[in-house]
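> Whatever this is, show me its structure:
(one chain, ligands or ions: 1)
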Amino acid sequence: MSNVTVCVRFRPLSSKEKRDHGDDICIESLDSETFTIKDEKEEGFTFSFDKVFYEKSKQADVYEFLVLPIVRGAVDATNGTIIVYGQTGAGKTYSMEGPNILESDEQKKGILPRVVDGLFACIRSSDESVKYTIKLSVVEIYMEKVRDLFDLSKDNIQIKESRTQGILLSGATEISLLDPAEALQSLSSGIANRAIGETQMNMASSRSHCVYLFTLNQESTTEKRVKSGKLILVDLAGSEKVEKTGAEGRVLEEAKTINKSLSALGNVINALTCGSPAKANHIPYRDSKLTRILQDALGGSSRTALLCCCSPSTFNASESLSTLRFGARAKHIKASAFVKGNEEKYLKKNGACSATRDESFDIILKKMSERLDAEDVELLEELFIQAGLFIDFGSTEYLESAYQDVAQQTISSLIQAVQELKFTVEMNNTFLHSSLWLRWNSWQELR
Ligand SMILES: Nc1ncnc2c1ncn2[C@@H]1O[C@H](COP(=O)(O)OP(=O)(O)OP(=O)(O)O)[C@@H](O)[C@H]1O
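Residues are numbered from 1 along each chain as shown. Okay, the predicted model is just below:
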């Protein structure tokens, strides 16, 4: 099953499009999921997506359909990613931030301020025995370098991969968020540092990919358990046909780098959708910083929402078509079979957890390798990752408890399977008895 939700949003015609190219629009709505688009040669193409937001759609509609389920998932420790994609000036930043990140008009607020409100609302309504912390990092990928928008001196952040936490932005500033108003101020200060330029399509065009990373940790005091979820929002820089826009100098260089990384994203999506399910094919995540950061989000176990932003103008039909083809392709990304757990379970020693997840993982495996053969250790490693287990290894007591956890999970699923089987057999027997009884009765009547 695909875990990627893909929606399309058509913004209203801009005054520039109306002035330069008239009121002609290239799309015809068929319903809330399907529409037809005509290219310059008047050839029609029909597309269907999870939902299509036409020009009169509200910011709240986009949030509630596409984003809210992912926000709820993140509070419950399921990683989620929301990506806005499209031509320059197509409405990506408007959808992500609204006209302004500090916009006070409730109706105009974009995805980001709604995510902030949504996260705090979910936390407020959750069980009191669970303590949450939310951290925020904001980086941009500009000319293939990852810059920390909370600390511009960190202008070459390295992307690292941890076996248990997945992709990490090494050394990026993390701000602890305590309430929605403060979170918006932090977002606003980060966004103010973003690289902005002017394109023919957009007076204030984002010349970088902007990545908003929320990390949510929840600690249950009753169950002695820590869970974490990552929520990543990505406002991509706009794709641009340089021959059509006549970009020059720095703008041209920026456009080439943007287009190259968007092509890398397209190649990753092609590899994820074209490969044979039976054998793992190479996915070129390392071809760009963008695809490397999104490695966890695409094809992994996290939930992904893609909003394809388009202009409805006939003048931009070919750019809109390429955005739509990108979205149609992304819809076919399958969830990976290998699920990384986000749940850390540990037993606290003196009230504090002494080792990091990676360290504990390695200590456990090392100890086990002394007792078990290599194949057993490999199997256990896989089992631990699948179960999202993390143990603070202090004594054999901790290890045994981890074993018990895994064993308990296995026993519970076996009990459930046996019960389901029993139920099926009983249902079949009932059906068999009643059909035999009916046949016996009709045979008696015939006699
Ligand atoms: N749904 C919408 N309703 C009203 N105005 C919109 C809508 N979408 C976009 N706009 C307006 O269109 C213009 C361009 O939008 P925006 O800056 O969001 O484009 P973008 O895709 O982020 O472009 P770039 O890639 O160049 O940064 C802005 O003035 C914005 O206010």
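> ok, residue 162 touching residue 168?
Yes: counting by Cβ atoms under 8 Å, residue 162 does reach residue 168; the two are 5.7 Å apart. Using the backbone N, CA and C atoms, a C-beta is placed for each residue, glycine as well.
> if you count what's nearby, which of these two comes out ahead?
Counted by other Cβ atoms under 10 Å, residue 162 and residue 168 do not tie: residue 168 has more neighbours, with 17 against 13.
> That one in helix, strand or coil?
When classified by DSSP: H, G, I helix; E, B strand; the rest coil, residue 168 comes out as strand.
> what about the closest residue to it other than its chain neighbours, how many neighbours?
Nearest residue to residue 168, sequence neighbours excluded (Cβ to Cβ, 6 or more residues apart in numbering): residue 160, at 4.8 Å. Residues lying near residue 160 (other Cβ under 10 Å) number 13.
> rewinding a little: next, show the common contact partners of residue 162 and residue 168.
Common neighbours of residue 162 and residue 168 are not found (criterion: Cβ atoms under 8 Å, 6 or more residues apart in numbering).
> Point me to the residue sitting closest to the centre of this protein.
Among the residues of the chain, residue 81 comes closest to the average C-alpha position under Cα atoms, centre = their mean, at 2.0 Å.
> The stretch 301-447 of the chain against the ligand: which residues are in contact?
Applying Cβ under 6 Å from any ligand atom, we find that the stretch 301-447 of the chain lies next to the ligand at residue 309.
> where does the stretch 301-447 of the chain dip in pLDDT?
Within the stretch 301-447 of the chain, the ranges that satisfy pLDDT under 70 run 334-413, 415-417, 419-420, 423, 427-428, 430-438, 443, 445-447.
> Up against the ligand, what does the stretch 1-150 of the chain have?
Within the stretch 1-150 of the chain, the positions lying close to the ligand (Cβ under 6 Å from any ligand atom) are 11-12, 14, 86, 88-94, 99.
> circling back: spit out the contact partners of the residue nearest to the centre of the chain.
Listed by Cβ under 8 Å, 6+ apart, the contact set of residue 81 reads 70, 231-234, 294, 296-298, 302-305.
> And residue 147, which helix or strand is it part of?
Taking DSSP states H and E as the definition, residue 147 sits inside strand 145-148.
> Give me the average confidence score over that strand.
For strand 145-148, mean pLDDT is 95.
> for the next helix or strand after that strand, packing partners?
The first helix or strand that comes after strand 145-148 along the chain, using DSSP H and E, is strand 158-162. Strand 158-162 is packed against strand 166-170, helix 289-293, with contacts defined by 3 or more Cβ pairs under 8 Å, 6 or more residues apart in numbering; DSSP states H and E.
> Pull up the gap between the closest residue to residue 76 other than its chain neighbours and residue 222, please.
Of all residues not flanking residue 76 in the chain, residue 229 sits nearest, at 6.9 Å (Cβ to Cβ, 6+ apart). Plainly put, residue 229 is 19 Å away from residue 222 if you go by Cβ to Cβ, to the nearest Å.
> who's more crowded, those two?
Taking other Cβ under 10 Å, residue 229 and residue 222 do not tie; residue 229 has more neighbours (22 against 8).
> Which neighbouring residues are in contact with the more buried one, exactly?
By Cβ under 8 Å, 6+ apart, the contact set of residue 229 is 73-80, 215-216, 342.
> Inside strands: which ones of the residues of the stretch 1-150 of the chain next to the ligand?
Using DSSP state E, residue 86 are the members of these that sit in strands.
> Make CSV out of the residues of the stretch 1-150 of the chain next to the ligand and add neighbour count and pLDDT.
Output for these, formatted as CSV (neighbours: other Cβ atoms under 10 Å; pLDDT from 0 to 100):
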residue, neighbour count, pLDDT
11, 22, 97
12, 14, 97
14, 19, 94
86, 27, 95
88, 25, 90
89, 25, 92
90, 28, 96
91, 23, 96
92, 28, 96
93, 27, 95
94, 19, 97
99, 13, 95
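> Residue 205 against residue 92, yeah?
No: counting by Cβ under 8 Å, residue 205 does not reach residue 92; the two are 10.0 Å apart.
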